[in-house]
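Engineer: Okay, sequence plus prediction incoming.
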Amino acid sequence: MHTFVAETDIPADLETGWRVLTDFARYPEWNPLLRRVGGEAKVGASLRLQVARTLGSDKTVFLPARVRVSEPGRELAWGGGVPGLLDVHHFFRFTPLAKGFRFTHGETFRGPLLTLIWPLVRTRVRQENYDAVNEAFRARCGAAERA
């Protein structure tokens, strides 16, 4: 199993954070990695993700996913992979703070197929991707609160 996690404290209210995170139609305006997300933030909903191969790249890949968790102001998670061989679990979690919230964003990879594909995954999935999304999310939440 391999997990990537990035955290940042955001001085915005939870409602703003949840609204920004689940407004999939506006991802192209701010998200440097998830260029498009098609679908709804409802448990069981199918998603179509357009993911940049690397930060700043115009090259993208389309991936299917299914929403696994959708608890407003607490957690949004989706996943995909190959049943029984590879499970990919992508999560966004909110922890209330005295002023704002802590945003935890990560992804866990597990399953027998991971051993074979990890060298490829490792070259494409990097910690700086998660950090960049978190910083863009933080900026977007600040802009949403000022609007």
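Structural biologist: Nice, I can see it. The structure presented is a predicted model; accordingly, all values stated were derived computationally and were not measured.

Engineer: the strands in this structure, which residues?
Structural biologist: Along the chain, counting by DSSP state E, strands occupy 2-10, 34-38, 46-52, 60-71, 75-82, 86-96, 101-110.

Engineer: What helices and strands are in contact with the first one?
Structural biologist: Secondary structure elements in contact with strand 2-10, counted by 3 or more CB pairs under 8 Å, 6 or more residues apart in numbering; DSSP states H and E, are strand 101-110, helix 114-124, helix 127-146. C-beta coordinates here come from the backbone N, C-alpha and C atoms, glycine included.

Engineer: shaky segments in this structure?
Structural biologist: Low-confidence segments of the chain, defined by pLDDT under 70: 120-125, 127, 147.

Engineer: Would you confirm that Leu14 contacts Phe101?
Structural biologist: Yes - contact between Leu14 and Phe101 holds when scored by CB atoms under 8 Å: they sit 5.4 Å apart.

Engineer: Would you mind telling me which of the two has more residues around it?
Structural biologist: When Leu14 and Phe101 are compared for neighbours, Phe101 comes out ahead with 22 against 18, by other CB atoms under 10 Å.

Engineer: Tell me who's in contact with the residue nearest to the more buried one when sequence neighbours are not counted.
Structural biologist: Using CB to CB, 6 or more residues apart in numbering and skipping the chain neighbours, the partner closest in space to Phe101 is Phe94 (4.9 Å). Applying CB atoms under 8 Å, 6 or more residues apart in numbering, we find Phe94 in contact with Leu14, Gly17, Trp18, Gly73, Arg74, Glu75, Phe101, Arg102, Phe103, Thr104.

Engineer: Just the buried ones from those, in ChimeraX syntax?
Structural biologist: Paste this into ChimeraX to select the buried members of those, with burial taken from 16 or more other CB atoms under 10 Å:
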select :14,17,18,75,101,103,104
